[in-house]
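**Q** Sequence first, predicted coordinates after that:
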Amino acid sequence: MLISYPILGNQAQDEEARLQAALAIENASLGRFPVSTVAPFNLWHGGIHIDGGAEPIRAIADGTIVACRLAQQRENYPGQGEYDTGFVLIRHDTKAGDKTSVIFYSLYMHLACRNDLSNEQFGSLPGIFRTGGFVPGPQTIFPPADSPQAKIWRRDILGFTGHAYDCRLFHFEIFTTPDAFSGQGGFWRDSTRVNYEPSPDFFGDTHFVIPSQQHFASRHPRAARDAPHRIVLAGNNQSFLLTEGNTGQNTEELYVSVRMQRGQRIATTYRKDQQDRYVQFGLPVVQEGYEHEIFRLSSALYPDCPSAGFEWLRFGRVLSADVTQRRENWQLVRYGETAIGYIDLAAANIGKLSDADFPYWHGWKHVAEGSLGCPSDAFVDEPSILTLTQDQSVEGRTRLRHLAATHPTEWDSEDLATRFSRIRAAGQPLADSEAWQQFEAHVKKLAFWRQTGLPRSVVHFHPLQFIYHYRKCAWLSPHELAQCIPRQSLSGSVQWQTALSRATQHAGPVSRFLRKYLGPSTERIVHTLAQIHIETGLLRSTSEDGHGAGKLYGPFHGRGYHQLTWAGNYPKYGEFKGLADQTQPSYSDPRINVNSNHSIDANGVLLRWAPRYDPEIVAQSAQHRADSSGFYWVTKTFRGTRNINRVCDLGVTPSEVGFISWLINGGGTGYANRQQFAKYLWNVLSCDPNLSGSAQFSYPPLSPPANPELCLTFPPAQVPYTTHAEVDYVRQVP
C-alpha cells in the first residue's frame, strides 16, 4: 500500500518527523476532528483544515475520481466571507496484505477557483479539468469509473489551497463505508476483542498484551551458561551480547509495542493509569543491532527451521507454513519503572497483534452516536465522545487522532431543515428565515453527496493519522508493483499490460519478502527492487536464462528473485527452511542424480547433492522465490559483517547502489541498469514530487582497479562519480 501526505513538504525526514510536519500545518481554528464546536453546538466534522500555502495539493494514493468540481470564482456567505467550492473526491482500492483489502476515500475541499490559478497551475491539474470541453463553473463532474480521465495516481496534483470564509486553507478528510470498515472482509479490527486472534495479515509494529502476574527471568534461557550474557552465533566465537534483567513479576496488565528500525529493536511498555489512560511505562528497551542479526539469532535459537524462528523474532508469531519445534520467543521487556526481564512472548495467554489490528492502547477506537442522540443529524450528543474532545492536552489530541468516527457527511444537502432543526429554533442563529435561506444556499453550493451512491453516514478517520498508520504497510498491490517496472530502460521496453501481468503474478511473494526481511523502509525497497529487476529481467523470469548451460554451477543456476546460485548456497537455504531430504531422490534437472557431484563455488570443490530437496522449487514455488531472496539478502557477508539492509540504511546514493550491486553480482554485469533502476524506483516509491521526462545522472565506476575504494570499504567510500547514464522517468501507467 503506497500512501503519502497531500502536502509533500520536506522529504529529508523520518516518519515521525514527517507526521509532525503535517500536523504543524493543520489549522484547528475553524474545526477539529471529529467534532467542531460552534457555541453552543457541537457538530460532526469529518476532516481537518490544512494551510497548504503555495504548495500543490496532491493525491495521497492511486485511485479513481468519484466526483470533482473546478469553480470559476469564489462564492460569498454573508457574514462569514468568501469560500471556494472546488473539490476532488477519490476512491482508493488497495491491499494491506494477502487477505486484507482496504477501500477508502479521500476528499479535498475548498480548492482554489480558476480565477485564482495561474496558467501554469491550471496546466498542472488533472486532465478531467483541462480537456473534454469542460468549462469551470458550479457544476459537479461525476465521471464513469472506467473513464481514463477518472484515473488518478499518487502525488498527482489535484489543485491548490483555496479560501474557506476568508481563511486560506483546504478541508481534507479520509473516510470509508461501513461495509469496507467492518463488514465481511473489512480492514478494521477491534483489538479489545481479538487479543488472541490477530489479523491474518501483519504490518508495522508488533504488539503484545501481557496479563498480570507473569514471571520474568533475569537471563535468556538459551543464553550461554558462562559469562558474558550472550547468544552464541555461528562463526568464529561470535556472539550477540544480551543485557542482564531482573527476576520478578508484573503487578498489572502490560501492553508492549515493538518496532524494528535501522537495526534496532525498540520495545516500549504501556500501562493503564487511574484515569483509564494508557501511558508509557518507563523508558523503551533498545537493543542495538538486533534487527540486523535476526538471521543468526534465529539460526542459533531455532536450529530445526531458522526461517520459522525468523518470523517468531520479527513478527511475534509464524505467518508462513514454516514449522519449528521450538514454539518460544524469549524477549527483553520492561515490566516495572526500573525492572526489565525476559519473558516468553509465545505463551498462549499473551496477545499477539500488529498495526493491522489497530492496538487500542494507542488510542484506536470506533465511536458513533448512541441512543442518547440522533445518529442522523449534524450534532454530537454522545457524552463519551464529547468527553474525548474536551481533553486538549497532547495525550488527548493524540487519542482524538486515533478515533474512527461514524457520522453523517456534511456534504449532503438533503433534509437540511430536519438535520439542523435545533439551530432554527427561536433564539438560535438560523431562526430568521433570511439567515436560513443563506445557510441553505451555502450548503447546496458545496454539496455533491447524493449522486456518489455513498451512504449518508460513513466512517471518518483523522486523515494524517490514517496516512501515518498505513505508511508502515509495505504490501504492494499488483498495480503498485507494475508501476515499479520502467516503461523504458537499458533493459528494454515494457508496456503496461505486460508489466501488470508480471506484477499480478509476483506482487504477493515480493510483498511477503519485503515484509519479512526488509520492513517498510523505502530505501530498502528501492535497493532490493533495483537488484531484482536486473536479476529477473524486470520480473520476466525467476530462473536464469540458459539454466546454467556451460557454466561451472550448471543445474544450480540462479533461481528466485535474487538468483540463488552454486551448489554451496542451496544446502544453506535448505537448512534455513528446514527442508527434509528425499527418501527416493528425483530431480527436475537431469544433470542431478543420486550420484552426481557439483561445484559448491568457483574454486571447484565438489558436493554430492542427493538426497537433498529438488532445487527447482526455488524457481517454481512462490514462497521459495521470496524466502530464498530474503535468505540471500540478510546472510550476505561483507567487510566483517552481514545483511545488505545495513547498506540500504545508509541511503540511496549511487555509492550505496554500487556497493550493493557488487554484493549481489560480484562484477559489472548490468551495473548501469541497476543504477538506472534505483533512480527510477525512487521516483515511483518515495514522497518526492514526481519527475517526468528523462535526466542525466552520474555514478561511480564499479570494477577495480578503476574504483577499488567503492568495493573494498564499508560504508562505501565517497568516490568520484565519473560514469554517466540517462534515466527515463516516463510513468508505467495505462
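**A** It's in. Bear in mind the structure is a predicted one, so any value in this text is a computation, not a measurement.

**Q** going forward, measure contacts and count neighbours with C-alpha atoms only.
**A** Will do.

**Q** tell me which strands and helices the helix or strand that contains residue 659 is in contact with?
**A** Assigned by DSSP states H and E, residue 659 belongs to helix 654-665. Under the contact definition 3 or more C-alpha pairs under 8 Å, 6 or more residues apart in numbering; DSSP states H and E, helix 654-665 sits against helix 522-536, helix 645-648, helix 671-685, strand 694-699, helix 708-712.

**Q** mind listing what's buried in the helix ranked longest in the chain?
**A** Counting residues, the longest helix in the chain under DSSP state H turns out to be helix 496-513. For helix 496-513, the neighbour count (16 or more other C-alpha atoms under 10 Å) marks 496, 499-500, 502-504, 506-513 as buried.

**Q** thinking residue 241 is in contact with residue 233, fair?
**A** No - with contact defined as C-alpha atoms under 8 Å, residue 241 does not reach residue 233; the gap is 10.2 Å.

**Q** now for whatever helix or strand residue 399 lives in, which elements pack on it?
**A** Element membership for residue 399, per DSSP H and E: helix 394-401. Contact analysis of helix 394-401 by 3+ C-alpha pairs under 8 Å, 6+ apart lists helix 383-390 as its packing neighbours.

**Q** just how off-centre is the helix it packs on within its chain?
**A** Helix 383-390 sits 31 Å away from the centroid of its parent chain (C-alpha atoms, centre = their mean, to the nearest Å).

**Q** which helices and strands does that helix pack with?
**A** In terms of contacts (3+ C-alpha pairs under 8 Å, 6+ apart), helix 383-390 is packed against helix 394-401.

**Q** Mind doing that once more with 6 Å?
**A** Applying 3 or more C-alpha pairs under 6 Å, 6 or more residues apart in numbering; DSSP states H and E, one finds that helix 383-390 contacts no other helix or strand.

**Q** tell me the angle it makes with helix 394-401.
**A** Interaxial angle, helix 383-390 versus helix 394-401 (axes from the mean of the first three to the mean of the last three C-alpha atoms, to 10 degrees): 130 degrees.

**Q** Backbone dihedrals for the residue most central in space within the chain, please?
**A** With distances taken as C-alpha atoms, centre = their mean, the residue of the chain nearest its centroid is residue 473 (2.4 Å). Backbone geometry at residue 473, expressed as degrees, to the nearest 10, gives phi -100, psi 110.

**Q** Kindly report the same for residue 606.
**A** Torsion angles at residue 606 (phi, psi; degrees, to the nearest 10) stand at phi -100, psi 150.

**Q** if we can go back for a sec, of all the residues in the helix holding residue 659, which ones are buried?
**A** Applying 16+ other C-alpha under 10 Å to helix 654-665 flags 654-665 as buried.

**Q** do stretch 431-450 as well
**A** Neighbour-count burial for stretch 431-450 flags 436, 442-443, 445-449 (criterion: 16+ other C-alpha under 10 Å).

**Q** from these, which is closest to residue 321?
**A** Lowest distance from residue 321 to the buried residues of stretch 431-450 (C-alpha to C-alpha) belongs to residue 449, with 45.8 Å.

**Q** Which residue is the nearest non-sequential neighbour of the closest one?
**A** Among residues not flanking residue 449 along the chain, residue 412 sits closest, at 5.0 Å (C-alpha to C-alpha, 6 or more residues apart in numbering).

**Q** Hmm, the one you found is touching residue 444, no?
**A** No - the pair residue 412 / residue 444 is not scored as a contact, 8.0 Å apart, by C-alpha atoms under 6 Å.

**Q** Can you show me the strands along the stretch 101-250 of the chain?
**A** Per DSSP state E, counting those that start in this stretch, the stretch 101-250 of the chain carries strands over the ranges 151-152, 157-160, 163-164, 167-168, 170-176, 206-210, 215-216, 230-232, 239-241, 248-249.

**Q** Does residue 559 touch residue 621 like I think?
**A** No - counting by C-alpha under 6 Å, residue 559 sits too far from residue 621 to count as a contact (10.5 Å).

**Q** Identify the residues contacting stretch 718-727?
**A** With C-alpha atoms under 6 Å, 6 or more residues apart in numbering as the test, stretch 718-727 has contacts from 676, 694-701.

**Q** can you pick the most crowded of the residues you listed?
**A** Neighbour counts for those (other C-alpha atoms under 10 Å) peak at residue 676, which has 26 neighbours.

**Q** tell me the contacts of that one?
**A** If you count contacts by C-alpha under 6 Å, 6+ apart, then residue 676 has residue 727 around it.

**Q** With distance to residue 303 and mean pLDDT as added columns, please give the helices and strands packed on helix 654-665 in TSV.
**A** As requested, the helices and strands packed on helix 654-665 are exported to TSV (distance: least, C-alpha to C-alpha, whole Å; pLDDT from 0 to 100):
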stretch	distance to residue 303	mean pLDDT
helix 522-536	27	97
helix 645-648	23	97
helix 671-685	35	97
strand 694-699	42	97
helix 708-712	33	84
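
**Q** between those, which gets nearest to residue 48?
**A** helix 671-685 (26.1 Å).

**Q** Now stretch 538-552 - C-alpha only, CSV.
**A** What follows is stretch 538-552, C-alpha atoms only, in CSV (Å, rounded to 0.1, in the frame of the first residue of the first chain):
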residue,chain,number,x,y,z
LEU,A,538,12.1,-7.0,-15.0
LEU,A,539,10.2,-9.9,-13.3
ARG,A,540,10.1,-11.8,-16.6
SER,A,541,11.7,-14.9,-15.2
THR,A,542,12.8,-16.2,-11.8
SER,A,543,15.1,-18.8,-13.4
GLU,A,544,18.4,-17.9,-15.0
ASP,A,545,18.3,-17.7,-18.8
GLY,A,546,20.1,-20.7,-20.2
HIS,A,547,19.6,-22.6,-17.0
GLY,A,548,23.4,-22.7,-16.3
ALA,A,549,24.3,-24.4,-19.6
GLY,A,550,28.0,-24.5,-20.0
LYS,A,551,28.5,-22.9,-16.5
LEU,A,552,30.5,-24.5,-13.7
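
**Q** Report the distance from that stretch to the chain centre.
**A** What separates the centre of stretch 538-552 from the centre of its chain is 32 Å, taken as C-alpha atoms, centre = their mean.
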